[in-house]
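*Asks:* sequence-free structure coming up:
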């Protein structure tokens with residue numbers, strides 16, 4: 001299974017916000033630059049994460065992005081399910097429906113594999129994703145300095 005670029009960026013934004021302090025919250029533009037993604041793409045991701053209650057975005061002086069308590073404890077598996085949305089790994093009913101769809105065992109096996117993928121991510125939280133060595137590396141990337149050894 002391959003995650004969409006949107007989900008990838010969303011996970012990286014959450015991880016980035018998990019390691020910054022609330023004293024100097026980054027802006028969407030700063031997060032986009034740090035994560036090396038287009039600002040417009042980062043803005044869409046931020047809007048979705050804000051809608052899900054995982055981050056707060058404040059405008060103006062002293063504003064910026066911060067992770068909420070729900071964002072820190074969010075299940076990665078649940079989050080990926082929400083961001084990826086419903087759908088099968090393969091499109092058996094597409095423009096040209098598969099002639100095997102009425103008796104195919106592959107579709108069921110792929111559904112089980114997809115659920116196993118999500119289940120393996122379910123126990124992980126955003127906070128756990130940024131435990132060492134990832135957190136110090138993210139801090140180094142966001143400050144422009146090398147990560148501490």
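*Replies:* Done, it's in. Since we're looking at a predicted model, the values are computed, not measured.

*Asks:* below-threshold pLDDT in the protein: ranges please.
*Replies:* Residues of the chain meeting the criterion pLDDT under 70: 21-23, 135-136, 139-149.

*Asks:* strands of that one, residue ranges please.
*Replies:* 55-58, 64-67 (DSSP state E).

*Asks:* in a markdown table: those strands, plus distance to residue 95 and mean neighbour count.
*Replies:* All C-beta atoms are positioned from the backbone trio N, CA, C, and that covers glycine. As requested, these are arranged in a markdown table below (distance: least, CB to CB, whole Å; neighbours: other CB atoms under 10 Å):
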| stretch | distance to residue 95 | mean neighbour count |
| --- | --- | --- |
| strand 55-58 | 37 | 17 |
| strand 64-67 | 40 | 20 |
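
*Asks:* nearest to residue 27 among those would be which one?
*Replies:* Relative to residue 27, the nearest member of the strands of the chain by CB to CB is strand 64-67, separated by 5.3 Å.

*Asks:* output the contacting helices and strands for that closest one.
*Replies:* helix 5-19, helix 28-35, strand 55-58 (3 or more CB pairs under 8 Å, 6 or more residues apart in numbering; DSSP states H and E).

*Asks:* parallel or antiparallel, list what pairs with that strand.
*Replies:* Its sheet considered, strand 64-67 pairs with strand 55-58 (antiparallel) by DSSP bridges.

*Asks:* which outside residues touch the strand it pairs with?
*Replies:* Strand 55-58 is contacted from outside by 13-14, 17, 25, 28, 46, 49-50, 63-68, 71, using CB atoms under 8 Å, 6 or more residues apart in numbering.

*Asks:* let's see 7 Å
*Replies:* Contacts to strand 55-58, defined as CB atoms under 7 Å, 6 or more residues apart in numbering, come from residues 17, 46, 49, 50, 64, 65, 66, 67, 68, 71.
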